[in-house]
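>>> Provided below for reference: sequence and predicted model.
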Amino acid sequence: MSLGHDLVKNRKEMKGDLYSLNLSTTRWRQFSTPHPLTWKRLPFSSANRSQIPKTRGIYAFSLELSNYNLPQHGYILYVGITGDVSTSKATLHSRYGQYLTEAKRTRARLRIVYMMEEWASDLVFNFVEIPDTNINLGRLEKSLLDALLPIVNSRDFSASIQQARDAF
């Protein structure tokens, strides 16, 4: 059994299937960016990797429940960037591939492994290509994190948001 399977099993034993999600409609409304964000989305699976572009950008994993006799709905779990010239040369395509194998890594990020294991069949990969290297992806990511408060992200929030998250 993998680390991810053990993590999911242990979490379910301790907390069941209940999750606390944070949302702030005020923060959503305050979010703005001078750059147009045209999001594309694909169910997260190895079969869709070939459709992910080899460019830099921003991405978000969302949990989107459908086919349960309920209206389609979802929640953004994680936001990240790739190809930020100061930290990484990775592309959306290569980063997508890294997530496909995250649970097998020796230094796997447990929150990511948990997300991949627990919600595998309902994960959607949302992304925006941002080839313009003059756009500061780190700043864009931080403002999205502060607006969305995704539960899987553990860092890269603004200082005030990070302090509030760490306080509890």
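Happy to help now that I have it. These numbers come from a predicted model, not from an experiment.

>>> Would you map the helices across this structure?
Listed in chain order, the helices of the chain (DSSP state H) span 3-15, 25-30, 92-100, 110-118, 137-148, 159-166.

>>> closest one to residue 51 among these?
Minimum separation from residue 51 across the helices of the chain (Cβ to Cβ) falls at helix 92-100, 9.2 Å. From N, CA and C alone the C-beta is placed, and that goes for glycine too.

>>> now that closest one and helix 110-118, what's the angle there?
80 degrees (axes from the mean of the first three to the mean of the last three Cα atoms, to 10 degrees).

>>> Pull out the buried positions in helix 92-100.
92-93, 95-96, 99 (16 or more other Cβ atoms under 10 Å).

>>> CA atoms only for that helix - export them in PDB, please.
Extracted as PDB, the C-alpha positions of helix 92-100 are listed here (Å, rounded to 0.1, in the frame of the first residue of the first chain):
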ATOM      1  CA  LEU A  92       2.100  23.200 -17.600                       C
ATOM      2  CA  HIS A  93       2.700  20.000 -19.400                       C
ATOM      3  CA  SER A  94       5.700  18.900 -17.300                       C
ATOM      4  CA  ARG A  95       4.100  20.000 -14.100                       C
ATOM      5  CA  TYR A  96       0.900  18.000 -14.900                       C
ATOM      6  CA  GLY A  97       3.100  14.900 -15.400                       C
ATOM      7  CA  GLN A  98       4.700  15.500 -12.000                       C
ATOM      8  CA  TYR A  99       1.300  15.400 -10.400                       C
ATOM      9  CA  LEU A 100       0.500  12.200 -12.100                       C
END
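
>>> quick one: furthest residue from the center of this protein?
Centroid-distance maximum for the chain: residue 69 at 25.7 Å, with Cα atoms, centre = their mean.

>>> Need phi/psi at that one.
Torsion angles at residue 69 (phi, psi; degrees, to the nearest 10) stand at phi 60, psi 30.

>>> low-scoring pLDDT stretches of the chain, where are they?
For the chain, residues meeting the criterion pLDDT under 70 lie at 1-5, 7-8, 11-12, 15-17, 165, 168.
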